[in-house]
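*Asks:* structure for this input, please:
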Amino acid sequence: MIAVSIAACGSAQVPVATPSPTVPEPTRFVPTPTMRRTTTQTLSPALQRVVEDNGLTPGLDFPDGKVSDSLSGGVLRILEDLGSRSKYPLNAGDIHFGCFLEFEAIYVPSPRLTAIAPHGVKEVDIRFTFGSRTVGSCRLTSKTAASIPWFTKTSTGMEAGIDMDDAWKLYDSTSVEV
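*Replies:* Below is the predicted model of the structure:
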């Protein structure tokens, strides 16, 4: 307690309460519930990185885009939601390029290898949306991927890859709606 002197008509002491220091109560840890997929297999971290790194959406081309995926019954489904904004007009070449990058990265881990499906993947289906409408899709089975000449030796011994438009003609199914 602190005494305060007031000088008016004499002096008087008025008691003033001294604030006591507050001691925070310890916080109790409350675990956050985690989401678990129980009906579908989850992708391996390596395959998840491949899908995310090779999507059309990273970077500034599609600022509000995102990539999602699921694996069920051996079918890897990839949705590339390109959002609703683009830095350039979307065209068929973008869909060809997106499919080519994903398929090559998923099925061909090295230029020296032939196509190999990741464990548990029999087929990859990719769908592209832009502004909430489907603008393209492509599907490639492991069997077809193994028959595509992703890399071939040239007459000089150098390796050359198949062109994305030539590869497009070999996929199991394709569509472009841009």
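*Asks:* tell me which stretches of the chain form helices.
*Replies:* 45-53, 92-107, 142-147, 164-168 (DSSP state H).
*Asks:* what about the strands in the chain?
*Replies:* Taking DSSP state E, the strands of the chain run over residues 2-8, 10-16, 66-72, 75-81, 123-130, 133-141, 151-153, 159-161, 173-176.
*Asks:* so which of the helices of the chain is the most packed in?
*Replies:* Of the helices of the chain, the one with the most neighbours on average (mean count of other Cβ atoms under 10 Å) is helix 92-107, at a mean of 21. No exception for glycine: its C-beta is placed from N, CA and C like everyone else's.
*Asks:* so which elements touch it?
*Replies:* helix 45-53, strand 75-81, strand 123-130, strand 133-141, helix 142-147, helix 164-168, strand 173-176 (3 or more Cβ pairs under 8 Å, 6 or more residues apart in numbering; DSSP states H and E).
*Asks:* for the ones you listed, which one sits closest to residue 91?
*Replies:* Comparing these against residue 91 with Cβ to Cβ, the closest turns out to be strand 173-176 (8.7 Å).
*Asks:* what helices or strands is that closest one leaning on?
*Replies:* helix 92-107, strand 133-141.
*Asks:* which among those is found nearest to residue 162?
*Replies:* Closest to residue 162 of the helices and strands packed on strand 173-176, according to Cβ to Cβ: helix 92-107, at 8.6 Å.
*Asks:* returning to what we had before: any chance of the strands of the chain in a markdown table, plus distance to residue 115, mean neighbour count and mean pLDDT?
*Replies:* Shown next, in a markdown table, are these (distance: least, Cβ to Cβ, whole Å; neighbours: other Cβ atoms under 10 Å; pLDDT from 0 to 100):
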| stretch | distance to residue 115 | mean neighbour count | mean pLDDT |
| --- | --- | --- | --- |
| strand 2-8 | 83 | 8 | 45 |
| strand 10-16 | 83 | 9 | 52 |
| strand 66-72 | 18 | 16 | 88 |
| strand 75-81 | 14 | 21 | 92 |
| strand 123-130 | 11 | 22 | 94 |
| strand 133-141 | 9 | 19 | 96 |
| strand 151-153 | 10 | 12 | 75 |
| strand 159-161 | 12 | 13 | 75 |
| strand 173-176 | 17 | 14 | 97 |
